[in-house]
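In: Next input, structure requested:
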Amino acid sequence: MSTQNVSRCLTLIVLALLAARLAWAEEPQEGKVLSIDKDSITILDKVEGDNDSYVIDAATKITRAGKPAKWSDVQVGDRVKITVAAGGAKGKMVAKEISALPPE
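Out: So this is what the prediction gives:
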């Protein structure tokens, strides 16, 4: 295989990985809030069954029961949908939007 063909293959692989990451970043992650810190949230992922942590920043949009809310309105035990911002800082998942509902 020539150097040019290898280069093309590597480029295609990188583009495919970037596209997959962007597609995943926009798909909301659902789960139950396990812990809350001043700048992060950890949830029990409803689909995968593992714990996922997300960074919260000033740009994170927060709603509770469909209404605008503050970070302090989100509580442990709440059900949430989190949309992740593409290209998180230092490999961390940054929450772009959090939609919270009270526990069932």
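
In: Dig out what Asn51 forms beta bridges with.
Out: In this structure, Asn51 has beta-bridge partners Leu44, where bridges are defined by DSSP bridges.

In: What of Leu101?
Out: Each beta-bridge partner of Leu101 is listed here, defined by DSSP bridges: Arg79.

In: Just give the number of residues close to it.
Out: Using other C-beta atoms under 10 Å, the number of residues around Leu101 comes to 13. Every C-beta, even on glycine, is put in place using the N, C-alpha and C of the backbone.

In: which ones are touching it?
Out: Residues counted as contacts of Leu101 (C-beta atoms under 8 Å, 6 or more residues apart in numbering) are 64-65, 78-80.

In: how about a cut-off of 7 Å?
Out: Leu101 makes contact with 65, 78-79 under the criterion C-beta atoms under 7 Å, 6 or more residues apart in numbering.

In: Would you format the residues you listed as TSV with pLDDT included?
Out: What follows is those, written out as TSV (pLDDT from 0 to 100):
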residue	pLDDT
Ala65	93
Asp78	96
Arg79	96
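
In: Pretty sure Pro28 sits against Val84.
Out: No - with the criterion set as C-beta atoms under 7 Å, Pro28 and Val84 do not qualify as a contacting pair; they are 8.4 Å apart.

In: higher neighbour count, those two?
Out: A count of neighbours by other C-beta under 10 Å puts Val84 above the other of Pro28 and Val84, at 22 against 13.

In: Nice, that's everything, thank you.
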